[in-house]
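Chemist: Okay, here's the prediction I keep looking at, along with the sequence it came from:
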Amino acid sequence: MQKDFLWGGATAANQSEGGFDRGGRGPAIVDVLPHGEYRMPVMEGVMDYRDLPADTFYPGREAVDAFGHYKEDIALFAELGLRSYRFSISWSRIFPTGEEEEPNEAGLHYYDNYIDELLKYGIEPVVTICHFDMPLALVEKYGSWRSRKLIDCYVRYAETLFARYKEKVRYWITFNEINMLMHLPFMGAGIRFEEGENPLQVKYQAAHNELIASALATKRAHEINPGFQIGCMLAAGSVYPYSCNPLDVWESMKKDRENYFFIDVQVRGEYPSYAKKFLEKEGIHLEMGADDAAILRENTVDYISLSYYNSRCVRADGQGEASGGNVFASAKNPYLTCSQWGWPIDPMGLRITLNALYDRYQKPLFIVENGLGAVDEVEADGSINDDYRIDYLRSHIRAMIEAVDEDGVEVLGYTPWGCVDLISATTGEMSKRYGLIYVEKDDAGHGTLDRRRKQSFYWYKDVIAHNGENLR
Ligand code: BGP
């Protein structure tokens, strides 16, 4: 890989930070996502969190307490040799209700220290401005991103960060997995549906408002520091046709476009023609500002970041076995094995996805999430032998190297997900672990929160030390 390749790790405030009632932070979406059977309906926006039973457990409120452990975590990152670290800022720690005149100084102070700690070890911060998290007050008052009011609130929040970290942070991501709003609207964008609403109308309006907010933030970022690199972020994973039946091929193209739609706008600066036709056909009318087209056109992103966990597969007849995977429904691909949570394992799919994205956009790519969620056992001597995770990471890193070396794809960096164990987004479990660093805590919220190096920690350290050359 190139000498300055950003080997790193990734987490996000919503799943690791905790400290929900400390430092003046306001209530956030993540505080009301329950553990257990109601998690999915709440995240899908079809159940109101205010109807949850009184004894509900909310795992994100403490999470793995990165709030109290960040110095220890960052020292471990330095020992790993990380060159970059992707994390997110909690919006309600900066603007507790989203609408204060002035930001919460205590919240900014926390991130000042956090970023300084990274820089002390020469670790490049990669900051996600909004990762499945926002002030709950904006959800209650405005119905979240369905309202254009959110655009102003977001841009003011983003500007505050750009001005504060002008000299310290170069890589920014405006929204984590912007396409997740279509699949888990409450978790992704605070959207809860009312009786009789057309969900598609609401989701596409929210998407439009987020796209405008992202473009305006990109504009302000470039004004504040022309050297800033602003990225969009896609929950990626190419959709394969189940067979060479043209109907399957066509279906896979349509499914890919549902996700590409966002990136098409953020990279090319306009709604693609297939999206315009789709909206028309579905009878969706978007409320747009007079300047919206120009805002999108003039403020495209500098790079594309992506998460990749698995590929997907589709058959036009909708028959056959279904498969798990990162949120999206998929047909079972008979050529692939699956993780303990039923997500297909497909390293070649990463190479295919990187090539597809690079062919389509010719923009630098940044893999900001990848990894295997698995149960880990702590041995009697305290060691954690997670060979299965090493196998997963090795095969995916190899596929990435092939995409770069053999196919000419431009990749800025690789930050595996949950480098310190954290709460799973979809299930709220602790036992679905991704980390190189183990955190002692169970699904019910009990544990010492002690950190411990896994076998994969030593393995990844060696990969970074050799700049990936030892995997050839
Ligand atoms: C992505 C999210 C992450 C993360 C990851 C793994 O969609 O950006 O926040 O959680 O998926 O998913 P899960 O935690 O459900 O295993």
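Modeler: Perfect, thanks for sending it. Numbers count the residues shown, from 1 in each chain.

Chemist: Output the longest strand seen in the chain as PDB, nothing but the C-alphas.
Modeler: In the chain, with assignment by DSSP state E, the single longest strand is strand 229-236. The C-alpha coordinates for strand 229-236 follow below in PDB (Å, rounded to 0.1, in the frame of the first residue of the first chain):
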ATOM      1  CA  GLN A 229     -11.500  16.600   3.000                       C
ATOM      2  CA  ILE A 230     -15.200  16.000   3.200                       C
ATOM      3  CA  GLY A 231     -16.700  12.600   2.600                       C
ATOM      4  CA  CYS A 232     -20.100  11.000   2.200                       C
ATOM      5  CA  MET A 233     -20.600   7.500   3.600                       C
ATOM      6  CA  LEU A 234     -22.400   4.600   2.100                       C
ATOM      7  CA  ALA A 235     -23.500   1.300   3.700                       C
ATOM      8  CA  ALA A 236     -22.000  -0.600   0.700                       C
END
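
Chemist: Please see if that strand touches the ligand.
Modeler: Yes - part of strand 229-236 sits near the ligand under the criterion C-beta under 6 Å from any ligand atom, namely residue 235. All C-beta atoms are positioned from the backbone trio N, CA, C, and that covers glycine.

Chemist: and that strand, what other elements does it pack with?
Modeler: In terms of contacts (3 or more C-beta pairs under 8 Å, 6 or more residues apart in numbering; DSSP states H and E), strand 229-236 is packed against strand 171-173, helix 199-224, helix 246-268, strand 303-308, helix 347-361.

Chemist: After the first one, heading C-terminal, what element do we hit next?
Modeler: Sequence order places helix 185-189 as the next helix or strand after strand 171-173, per DSSP states H and E.

Chemist: ok, residues contacting that following helix?
Modeler: For helix 185-189, contacts defined as C-beta atoms under 8 Å, 6 or more residues apart in numbering pick out 29, 33, 42-45, 132, 134, 144-145, 177, 180-182, 191-193, 199, 202-203, 206, 210, 425.

Chemist: residues in the stretch 351-472 of the chain within reach of the ligand, list them.
Modeler: Going by C-beta under 6 Å from any ligand atom, the residues of the stretch 351-472 of the chain near the ligand are 369, 373, 417, 424-427, 432.

Chemist: buried subset of those?
Modeler: Of the members of those, the ones counted as buried by neighbours, 16 or more other C-beta atoms under 10 Å, are 369, 373, 417, 424-427, 432.

Chemist: Let's see which of these end up in strands.
Modeler: Judged by DSSP E, the subset of these located in strands is residue 369.

Chemist: Report the two of the buried ones among the residues of the stretch 351-472 of the chain next to the ligand separated the most.
Modeler: Taking C-beta to C-beta as the measure, these span a maximum distance of 16.3 Å, between 369 and 427.

Chemist: Do you have the strands of the stretch 1-150 of the chain handy? List them.
Modeler: With DSSP state E, counting those that start in this stretch as the criterion, the stretch 1-150 of the chain has strands at 6-10, 84-88, 124-128.

Chemist: Averaged pLDDT, the second one. What do you get?
Modeler: It refers to strand 84-88. The average pLDDT within strand 84-88 is 98.

Chemist: Pull out the buried residues from that strand.
Modeler: Of the residues in strand 84-88, those buried (16+ other C-beta under 10 Å) are 84-88.

Chemist: What pairs with that strand, parallel or antiparallel?
Modeler: Paired with strand 84-88 in the same sheet, following DSSP bridges, are strand 6-10 (parallel), strand 124-128 (parallel).

Chemist: who's in contact with it?
Modeler: The contact list for strand 84-88, computed with C-beta under 8 Å, 6+ apart, reads 6-14, 16, 74, 77, 114, 118, 123-131, 133, 171, 173, 176, 368, 413, 415, 419.

Chemist: Would you convert the residues of the stretch 351-472 of the chain next to the ligand into TSV that also reports pLDDT and distance to residue 454?
Modeler: Listed next are those as TSV, based on pLDDT from 0 to 100; distance: C-beta to C-beta, whole Å:
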residue	pLDDT	distance to residue 454
369	98	18
373	98	14
417	98	14
424	98	17
425	97	21
426	95	22
427	96	20
432	98	15
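
Chemist: Quick check: of those, which lies closest to residue 345?
Modeler: Minimum distance to residue 345 across those is 11.2 Å, recorded for residue 373 (C-beta to C-beta).

Chemist: Make sure the closest one is actually in contact with residue 338.
Modeler: No - judged on C-beta atoms under 8 Å, residue 373 makes no contact with residue 338 at a distance of 11.3 Å.

Chemist: Those residues of the stretch 51-200 of the chain touching the ligand, which are they?
Modeler: Listed as neighbours of the ligand in the stretch 51-200 of the chain under the rule C-beta under 6 Å from any ligand atom: 176-177.

Chemist: Roughly how far does the closest residue to residue 316 other than its chain neighbours sit from residue 145?
Modeler: Leaving aside its sequence neighbours, residue 316 sits nearest to residue 247 (C-beta to C-beta, 6 or more residues apart in numbering; 3.8 Å). To residue 145, residue 247 is 35 Å away according to C-beta to C-beta, to the nearest Å.
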